[in-house]
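>>> my questions concern the predicted model and sequence given below.
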Amino acid sequence: MATWNYRVIAVEQAADDEPPVLMFAEVHYNEAGDPTGWSKAFMHGESMDELGMLLGRLGRAMGEPVLEERDIKAEPARDVDEWDDVG
């Protein structure tokens with residue numbers, strides 16, 4: 001089953017002389033574990049506990065290598081119910 005987690009990704013800017021922007025993102029993976037897409041990170045919750053879980057996941061993302069946006073190979077979109085949360 002496909003999964004997702006939070007990661008830090010480097011997004012190239014339009015101007016070649018500008019450094020990439022680092023951002024937290026939800027990165028989606030196929031069954032083989034290859035990154036297949038990303039979206040802006042969901043940064044809110046319905047309770048303090050949910051915000052605490054979010055901070056924990058973002059902290060784990062800081063311990064992983066930075067992904068380059070250009071290395072994320074797009075695949076057709078899937079229904080959100082098909083993704084398992086591994087973050």
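Perfect, thanks for sending it. Numbering: from 1, shown residues only.
>>> residues in contact with stretch 60-79?
In this structure, residues lying in contact with stretch 60-79 by CB atoms under 8 Å, 6 or more residues apart in numbering are 2, 5-12, 20, 22, 24, 27-28, 30, 34-38, 87. All C-beta spots, glycine's among them, are computed from the backbone N, C-alpha and C.
>>> buried residues in that stretch, which are they?
Across stretch 60-79, burial judged by 16 or more other CB atoms under 10 Å covers 61, 67, 72.
>>> then stretch 40-51?
So for stretch 40-51, counting by 16+ other CB under 10 Å, buried means residue 41.
>>> same thing with stretch 21-36?
So, applying 16+ other CB under 10 Å, buried residues of stretch 21-36: 24, 25, 26, 27, 28, 29, 35, 36.
>>> how far away is the residue lying farthest from the centre of the chain from residue 46?
Farthest-out residue of the chain from its mean C-alpha position, per CA atoms, centre = their mean: residue 17, at 25.2 Å. Residue 17 sits at a distance of 42 Å from residue 46 (criterion: CB to CB, to the nearest Å).
>>> ok, residue 28 next?
From residue 28 over to residue 46 the distance is 23 Å, taken as CB to CB.
>>> what does residue 35 give?
For residue 35, the distance to residue 46 - CB to CB - is 28 Å.
>>> check residue 4 too.
The separation that residue 4 has from residue 46, given CB to CB, amounts to 20 Å.
>>> and residue 56, by the same measure?
16 Å.
>>> so residue 41 sits against residue 9, correct?
No - at 9.9 Å, residue 41 and residue 9 do not qualify as touching, with contact defined as CB atoms under 8 Å.
>>> what touches both of these two?
23, 25.
>>> pLDDT score for residue 77?
At residue 77, the model reports a pLDDT of 53.
>>> SS state for residue 55?
helix (DSSP: H, G, I helix; E, B strand; the rest coil).
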